Each structure stands twice: as C-alpha cells, then as structure tokens.
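In: build me a model:
(one chain, ligands or ions: 2)
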Amino acid sequence: MVATPPPVSSPAGSVLSGLEAVRRWAADFYRDLHAHPELSHEEHATAAKVAERLAASGITTHTGIGGTGVVGLIRNGDGPVVLLRADMDALPVAEATGLDYASSATATDNAGSEVPVMHACGHDMHVACLLGATHLLASGTGHWTGTVVSVFQPAEETGDGAHGMVDDGLATLVPRADVALAQHVLPAPAGLVGTHAGPTLSAADSMRVILHGRGAHGSMPQASVDPVVLAAMIVVRLQTVVARETRPGEPVVLTVGRLEAGTKSNVIPDYAVIELNVRTYSEQTRAAVLEAIKRIVDAECEASGSPEPADYELFDRFPLTDNDAETTDRVTAAFTAFFGERARPLPMQTASEDFSDIPRALGVPYCYWGIGGTDPQRYQTAEESGRIAQDIPVNHSAAFAPVIEPTLDTGIQAMVVAALAWLAPSRAA
Ligand code: ZN
Ligand code: ZN
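Out: Ligands and ions are numbered 1, 2, ... in the order given. The predicted structure follows:
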C-alpha cells in the first residue's frame, strides 16, 4: 500500500520533500512525549517542548494560552488563514504496551490521588504530526502564501481545553481563520486516512441529579418519601427516552452510570444521586433528550411527593463534531489525490471531542478526520479471524499505542496536504 507521490512540482510534493529529515526528529519527539505524558491541564513540560521545537523551526510562538496552550504562527503574505490543531494531554491509565518507550509516569489527580499516566489516546502522535507539518510548511514558504496557525491545545480529555484557549483570547491573538482542521489517531490500519461529512463524533453530556426524599426508619415507610424507590422508577422510565421518544435509526445513547443512596438496610435515606451520560448526533435531539430527562425526573418527584424539586448539574460536556460538508469535500479531494486508495470514508464515531469549540467560537468551518494507528498486518490478521473487537486495542486502553510508522508520516502528510488545499500556491513556486 504505497501512495503514488504527487508530482514534486505540486505545492504538497515540494513542501513534503523535506519529510525524511523531519521524520527523524519527529519520531524521537514522539517517543519522548509518549514516555513522559502529563494529565489534562498539567501539560507544562509538553508545552515547553512544543514551544522549544517551534522556536527551533524559526516560528513565531505564543505560550500560556488557556493554561498550557501553545500557538505557532507562520505569516507568509496574502492568502487564506488555516488553523491546524493538536491536543496534548494524557490519561490516568497504567500503560501495558510493553514498548521500550512506555510510560511509567505517575501524577496527582484533582482528587489528590496518585494515578498512573499514559498517552492512551494518541495525543502525543497528534503533537508530533502537527510539529512535523508546521516545520515543513515553515521550511517551504516559497511554495505557498497565506498564514498557518498551529494550535497545541491542553485538556481535551476533560472537554474544557479548547474552550479555555478561546476564553483566554485565542481569537485576538491570531488572524481570522478561513478554515480549522484537526485529526485523531484511531484503531484502524496505519497509513489510512478517513473523512466523513456532517455529524462525525457525538455530542456528550453528563448530568448529576440529586433527588430529595424524607428519611425514616426502614420499618416506618409511611413517615418517609423514599428516594430509593423514586430513583429506581426514574432509571426505568428513562429507558423510554431512547425507545419511545427518538426516531428509530437515529443513534442516541442514554446510560445511567451511577446510582447512589443510603447507608444501611433499615434506614430510608434523605436523598439519592443519579449520574447519567447522553450521546447524540444533532443539536435538536440533544436538546430534546435533555428536556425529556428533566420532564421525567420532575414528574416522578411529583408522583412520589418529593419535598423539594430535584437539583440538576451538567458536567463533562463535549460539543457535537459536525464536519462542514464543503470543507470536508475539499479535504477528501486533496486526500484522494495524494493518498489514493488509502483515503477512505470514516464511519461515524461514538466518541466525543472538544476541538469544534475553537472553530465554533471563531465562526469558522471545520473538518476533523481520522488516521489509522494499528499495525496493518496485525489489523488484517484480526479482521480475517473476526477478532477485531478482541485483538485490536482501542483508544483509552492500556495497550493502545500507534505504530510510529506509517502513522507519523501519514499524520504529517495529511496535515500538510489538507492545509495546502486552502493555502494559495506561490506564483514563484
Ligand atoms: Zn481520548
Ligand atoms: Zn483523544
């Protein structure tokens, strides 16, 4: 599966002619990040390494945006402004890949507990790819005109890193972009790139509901408003939201992941807590589902004679990733021209991402695509034996780590090729 390289006279071919030299340091950079992961909002060493690398490539660099966010800016005359984004954070997972550059790092989480840390989502790969692409675009300014804004974002896993950069003035720091582009490594054969127009990643909302009852002795239920029974009714009734209130065929997930009440078998408690998670693929359905949940909870509280209304709190919210059709067509055409057979359609994903908070806040169309990270031979073996689900580690698993090549090359190429689909070819090129 070797791509037919574009003619070297094309801007992409010219800019990518330096890939071999970049590959050497980018692979080392990747291994170093992988061995030294940092939790969301704590990406201090990672951000410093990114800033140092950008400066070494002669790129104007801004640091400390929304916490640890870093921006590299290449102004290269008149022309379109392209924003490229990578996320930098890792997860509290104990690495079990057995790689010689595996992480043994630990950190203190928000709750004060010591936790293992691992790049289990491939954000280290995103950083290495974007650094490589940015360096190549900076070295190849003779072949294009316009502006490239490379954004290295903190805290994707907590869903608030993109917003943090926007709130800290990203829009005033960089010129107004014409397009925003981002990518994610996925459990698919390395070397492949995948695009999907329209809703691509789900919106995610977590909700905490506190149900108020009236506690009493377990032998005297007449004196109580039992929040355990109330919570149980709600959990059952919530199942009707997907089954009875959403269109068959439209993917919606509503999961109650936490249910807590009481301390002892013969004490009716004062309250119960429900935590649930919702995944949707349209803003309309998202609003309708959240509304239905409140309607059911309020009505069940009323039915139970709850002494006060339930308390609601939304948290861990991720926006819908809804790829702009025209933008995605342009990326897909550029990928097909460059990668040939390796450019594929990307199936809709059930995961969520906060990248789109940046283009949404800036009022910019965007495209977010996937790149494979699994050893192609391993993937094929698993596919032939019908064991993809069992044998191919997925993001967030302790065994997830992309093979460095061809993942790194593909991610660098994808970023450069997509950016050049907007940047104007230089007349001098
Ligand atoms: Zn993740
Ligand atoms: Zn991720």
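In: can you pull out the low-pLDDT segments for the stretch 251-400 of the chain?
Out: Segments of the stretch 251-400 of the chain classed as low confidence (criterion: pLDDT under 70) are not present in this model.
In: mind listing the helices for it?
Out: According to DSSP state H, counting those that start in this stretch, the stretch 251-400 of the chain carries its helices in the segments 283-304, 325-339, 357-362, 376-384, 388-391.
In: and these as TSV, adding distance to Gly142 and mean neighbour count?
Out: The C-beta positions use only the backbone N, C-alpha and C, and glycine is treated the same way. Listed next are those as TSV, based on distance: least, C-beta to C-beta, whole Å; neighbours: other C-beta atoms under 10 Å:
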stretch	distance to Gly142	mean neighbour count
helix 283-304	43	17
helix 325-339	20	19
helix 357-362	28	20
helix 376-384	35	14
helix 388-391	44	12
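In: quick one, which of the ones you listed is nearest to Ala171?
Out: Smallest distance to Ala171 across the helices of the stretch 251-400 of the chain (C-beta to C-beta): 5.7 Å, for helix 357-362.
In: now for that closest one, which elements pack on it?
Out: strand 81-87, helix 161-167, helix 170-173, strand 179-189 (3 or more C-beta pairs under 8 Å, 6 or more residues apart in numbering; DSSP states H and E).
In: circling back to that earlier point, reformat the helices of the stretch 251-400 of the chain as TSV; add distance to Val228.
Out: Compiled in TSV, the helices of the stretch 251-400 of the chain are given as follows (distance: least, C-beta to C-beta, whole Å):
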stretch	distance to Val228
helix 283-304	11
helix 325-339	49
helix 357-362	38
helix 376-384	44
helix 388-391	36
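In: how about the ones you listed, which one is nearest Leu99?
Out: Set against Leu99 and scored by C-beta to C-beta, the helices of the stretch 251-400 of the chain come closest in helix 376-384, at 14.2 Å.
In: next, the angle strand 179-189 makes with the closest one.
Out: Angle, helix 376-384 to strand 179-189, by axes from the mean of the first three to the mean of the last three C-alpha atoms, to 10 degrees: 70 degrees.
In: from the rest of the structure, what touches helix 376-384?
Out: By C-beta atoms under 8 Å, 6 or more residues apart in numbering, the list of residues contacting helix 376-384 from outside reads 1, 188-191, 372, 388, 390-392.
In: try 10 Å
Out: Contacts with helix 376-384, where a contact means C-beta atoms under 10 Å, 6 or more residues apart in numbering, come from 1, 187-192, 372-375, 387-393, 403, 406.
In: what of stretch 226-239?
Out: Around stretch 226-239, the neighbours that count as contacts under C-beta under 10 Å, 6+ apart are 209-216, 218, 221, 254-256, 259-262, 268-274, 276, 289, 292-293, 296-297, 299-301, 303-306, 310.
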